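Novice: coordinates for the following, if possible.
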Amino acid sequence: MNKKIAIIIPCYNEGRRLNYQNFNDFISKYKKEIDCYFVDDGSTDDTCNIIKLQIMAKNPNNVLLIKSTQNEGKAKAVRKGMLCAVKKDYEMLGFIDADLQIPLSQIEKIAMHLSDSKALLAISTRELRSKLRINKPRTLLSLLFVEIANYILKFNPVLSDTQCGCKIFRKEIIEASFQEEFYSKWLFDLEILLRLKTYDASIREKIIEIKLPHLNESVDSKFKIYRNLDLIKELWRINRYFKK
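Specialist: Numbering: from 1, shown residues only. Model (predicted):
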């Protein structure tokens, strides 16, 4: 029986952070509806072995591992998983970060909303402004990032969070979203939205935003302030690229 949803999980050196028990519980609960595609982006630690021994071995009919020989960035990893999964007859395809800072329960939540609507894309949104007291520098940069992204997108109404790492697409927009290589290594979320805007001028009306109830703690967070500053610069490069 064809399953309903494919979820792509990009991984790079996640050995210390990969909560395989959470994945196993989730897959066991939704084994008739969901498949998981783990895309290892050239990890140099034991990420692949953990996926094979702790997740694939226990869920052989629901898990696929795609391995890259070198680190190419999250954009290529997600795209690689999407193009592999779209060959099968899923109704919806999405992605989530491997560290599960976004809880797996969010997949069920946004998939349900997407299934019950006429929308083509469901995106998760974080309550960024409410987190200013918890992590002020990081959250301020994220808010600035969203403002610039919305300036580039010119959606009405604006999106409250363009970069949250959990989105689900209906299969009919996968080709428009992922067929071409991404210009950016990391800001592919914004590129997807710009591509979809070109594909369908009314796409904003077909995007639904689903709030995240909470974020889990992330072990060994890879966040660096200088990286966010570099990403803000990259926003402008993407803007110039799509205006050509």
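Novice: quick one: pLDDT of Tyr236?
Specialist: That one is not Tyr; residue 236 is Trp. We have a pLDDT of 81 for Trp236.
Novice: likewise for Lys185?
Specialist: 80.
Novice: mind listing the strands for the protein?
Specialist: Counting by DSSP state E, residue ranges of the strands within the chain are 5-11, 34-41, 63-68, 92-96, 121-125, 166-170, 207-211.
Novice: could these go into JSON lines alongside mean neighbour count, distance to Val78 and mean pLDDT?
Specialist: C-beta here means a position set from N, CA and C on the backbone, and glycine is covered the same way. Formatted as JSON lines, the entries for the strands of the chain read as follows, by neighbours: other C-beta atoms under 10 Å; distance: least, C-beta to C-beta, whole Å; pLDDT from 0 to 100:
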{"stretch": "strand 5-11", "mean neighbour count": "25", "distance to Val78": "5", "mean pLDDT": "98"}
{"stretch": "strand 34-41", "mean neighbour count": "24", "distance to Val78": "7", "mean pLDDT": "98"}
{"stretch": "strand 63-68", "mean neighbour count": "18", "distance to Val78": "11", "mean pLDDT": "97"}
{"stretch": "strand 92-96", "mean neighbour count": "25", "distance to Val78": "5", "mean pLDDT": "98"}
{"stretch": "strand 121-125", "mean neighbour count": "22", "distance to Val78": "14", "mean pLDDT": "96"}
{"stretch": "strand 166-170", "mean neighbour count": "24", "distance to Val78": "10", "mean pLDDT": "98"}
{"stretch": "strand 207-211", "mean neighbour count": "17", "distance to Val78": "18", "mean pLDDT": "97"}
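Novice: point out the one among the ones you listed that comes closest to Ala75.
Specialist: Evaluated with C-beta to C-beta, the strands of the chain place strand 5-11 nearest to Ala75, the distance being 8.9 Å.
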